[in-house]
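Engineer: Would you be able to build a 3D model of this:
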Amino acid sequence: MNYSPYQVFDREYWAELRESVPLTLSALELKQLQGINERVSIEEVCDIYLPLSRLLNLYVTNRIQRRFVRDQFLGRKVGKVPYIISLAGSVAVGKSTTARILQALLQCWSEHPKVALITTDGFLYPNAHLKEHDLMKRKGFPESYDINALVKFVADIKSGNARVTAPVYSHFSYDIEPDKEVVVEQPDIVILEGLNVLQSGLEYPNDPHRVFVSDFVDFSIYVDADTANLENWYVQRFLQLRESAFTDSSSYFHHYAKLDEQEAKNVALNIWRTINGKNLVENILPTRERANLILTKDLNHQVHQVKLRK
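Structural biologist: Numbers count the residues shown, from 1 in each chain. All right, here's what the predicted structure looks like:
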C-alpha cells in the first residue's frame with residue numbers, strides 16, 4: 001500500500017463537495033478578477049473554488065467557535081485575530097487570480113465579510129538595495145525579500161493589532177512605490193499570496209530559532225502545474241505584455257516592446273530558465289508538500305486534481 005499525507009480528489013468528486021453553496025460571482029466580475037493569459041470559467045469556479053470556499057468557511061467557523069470557548073474559559077474577550085490563508089506557487093501559475101477569486105467568494109459568507117488580500121511582492125527590497133547588493137537577477141529569490149519586515153507584518157496581524165500597513169509593489173515600474181501603502185484593519189481573513197510563503201526552518205538548518213511566515217498561517221494552499229506548462233505560460237504572458245503594458249514608454253520593460261516575436265520568445269525563455277525556473281526548483285517546489293491543500297492545473301490552466309492533507 002502506498003501511504004500519503006494527502007487525500008486525492010479528481011475534479012468530478014471535488015465538485016460534488018460544493019453541496020448547496022450558491023454562486024455569488026457574475027461572469028463580468030470573474031473576468032475582472034483574472035490575470036493576463038488566464039481564462040477561468042464559471043464552471044471552474046463552481047467545480048473548484050466553491051467547494052474550496054465551503055471548506056475554508058468551515059475551518060474559519062470552527063476557529064470562531066474555539067475562540068468563543070477560550071474567551072469563556074478565561075472569563076474575558078481576548079480580541080479578534082484574523083484567520084490567515086497563505087497561497088504559494090510558481091511565477092505564471094495563476095496565484096493572483098486564485099487569490100482574488102477566493103477573496104471574492106469568502107467575503108460573501110456572512111461569518112467573515114471582511115477579507116484582505118496581501119501579496120508578498122510589497123516586501124521585496126527596493127531596486128536600489130537589490131542593485132547595491134547585486135541581487136537584481138535574484139529578484140523573487142528568498143534573499144531579495146525583507147523577511148524581517150514581512151514576518152513582523154504577519155505577526156502584527158496575528159497579534160490582533162487594529163491597524164497594520166504593508167508596502168506596495170508596482171509590476172509596471174518593477175519597484176516598490178515609496179509613497180504608497182496597504183492598510184489592514186482587523187479583517188476576518190487575510191489571504192497572503194507569494195512565492196515563498198511556505199518556507200520553514202527546514203531551509204535554514206543553521207538558524208533554528210528563526211521565525212517564518214508559515215509559523216503564523218492557519219491554512220496553506222499551493223497552486224501546482226507541470227514545469228513545462230509553467231514555462232510556456234510565462235512565455236505567452238511575456239508576449240502578451242510585450243503588446244500591451246510594455247508599449248507604455250514609462251514601463252520598466254518598455255525596451256522589450258521593440259523586440260520581434262522570436263526575439264521576445266528568446267528573452268522570455270532566458271529569464272525563465274535563469275531566474276524564475278531556477279527559483280521554482282530551488283526554493284518554491286520543495287515547499288509544496290507542506291501545503292494543507294494542493295491545486296494541480298492541466299495544460300489549459302484548469303484544476304484537474306485536488307489534494308487535501310489528512
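Engineer: so Leu52 sits right up against Leu102, yeah?
Structural biologist: Yes: Leu52 lies in contact with Leu102 (CB atoms under 8 Å); the separation is 7.1 Å. (C-beta placed from N, C-alpha, C; glycine too.)
Engineer: Buried residues, stretch 32-50. List them.
Structural biologist: Residues of stretch 32-50 classed as buried by neighbour count (16 or more other CB atoms under 10 Å): 33-34, 37-38, 40, 44-45, 47-50.
Engineer: Helix or strand for the residue nearest to Asn229 when sequence neighbours are not counted, just tell me which one.
Structural biologist: Among residues not flanking Asn229 along the chain, Leu299 sits closest, at 5.7 Å (CB to CB, 6 or more residues apart in numbering). Using DSSP states H and E, Leu299 is not contained in any helix or strand.
Engineer: was I right about Leu299 contacting Trp233?
Structural biologist: No: assessed by CB under 8 Å, Leu299 is found out of contact with Trp233, at 9.5 Å.
Engineer: Between those two, tell me which one has more neighbours.
Structural biologist: Trp233 (22 against 12; other CB atoms under 10 Å).
Engineer: from what I can see Glu246 touches Ala264, true?
Structural biologist: For the record, residue 246 is Phe, not Glu. No: the pair Phe246 / Ala264 is not scored as a contact, 9.1 Å apart, by CB under 8 Å.
Engineer: okay, and the common contacts of those two?
Structural biologist: Listed as contacting both Phe246 and Ala264 by CB atoms under 8 Å, 6 or more residues apart in numbering are Tyr256.
Engineer: do you know how far the residue nearest to Asn229 is from Ile101?
Structural biologist: Distance of Leu299 to Ile101, computed by CB to CB, to the nearest Å: 20 Å.
Engineer: same deal with Trp233?
Structural biologist: Distance from Trp233 to Ile101, by CB to CB: 17 Å.
Engineer: okay, the closest residue to Val81 other than its chain neighbours: pLDDT?
Structural biologist: Leaving out its chain neighbours, the residue that sits closest to Val81 by CB to CB, 6+ apart is Gly160, at 4.9 Å. Per-residue confidence at Gly160 stands at 90 (pLDDT).
Engineer: quick one: contacts of the longest helix seen in the chain?
Structural biologist: Counting by DSSP state H, the longest helix found in the chain is helix 50-74. Applying CB under 8 Å, 6+ apart, the external contacts of helix 50-74 come out as 14-19, 21, 23, 77-78, 81, 83, 85, 102, 105-106, 109, 111-112, 188-189, 218-219, 293, 306, 308.
Engineer: Narrow those to those in strands?
Structural biologist: Assigned to strands by DSSP state E, the following of the contacts of helix 50-74 qualify: 83, 85, 189, 219, 293, 306, 308.
Engineer: Now do the contacts for Met136.
Structural biologist: 127, 130.
Engineer: Please disregard the earlier target; I meant Lys158.
Structural biologist: 81-82, 84, 216.
Engineer: quick revisit: for Asp47, see how far away the residue nearest to Asn229 is.
Structural biologist: For Leu299 relative to Asp47 (CB to CB), the value is 17 Å.
Engineer: Please apply the same query to Pro187.
Structural biologist: 27 Å.
Engineer: surely Glu181 meets Ala166?
Structural biologist: Yes: using CB under 8 Å, Glu181 makes contact with Ala166 at a distance of 6.5 Å.
Engineer: And those two? Which one has more around it.
Structural biologist: Ala166 (24 against 12).
Engineer: close enough to count as contact, that one and Glu177?
Structural biologist: No: here Ala166 lies out of contact with Glu177, judged by CB under 8 Å, at a distance of 11.6 Å.
Engineer: for the stretch 151-300 of the chain, what are the low-confidence residue spans?
Structural biologist: By pLDDT under 70, the weakly predicted segments of the stretch 151-300 of the chain are 201-209.
Engineer: repeat that for 50
Structural biologist: For the stretch 151-300 of the chain, not a single residue meets the criterion pLDDT under 50.
Engineer: Walking through it, point out its strands one by one.
Structural biologist: With strands called from DSSP state E, counting those that start in this stretch, the stretch 151-300 of the chain shows them at 164-170, 175-184, 189-193, 219-224, 293-297.
Engineer: I'd like these laid out as JSON lines, including distance to Pro142.
Structural biologist: Listed next are the strands of the stretch 151-300 of the chain as JSON lines, based on distance: least, CB to CB, whole Å:
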{"stretch": "strand 164-170", "distance to Pro142": "16"}
{"stretch": "strand 175-184", "distance to Pro142": "17"}
{"stretch": "strand 189-193", "distance to Pro142": "16"}
{"stretch": "strand 219-224", "distance to Pro142": "17"}
{"stretch": "strand 293-297", "distance to Pro142": "21"}
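Engineer: I'm done for today, thanks for sticking with me.
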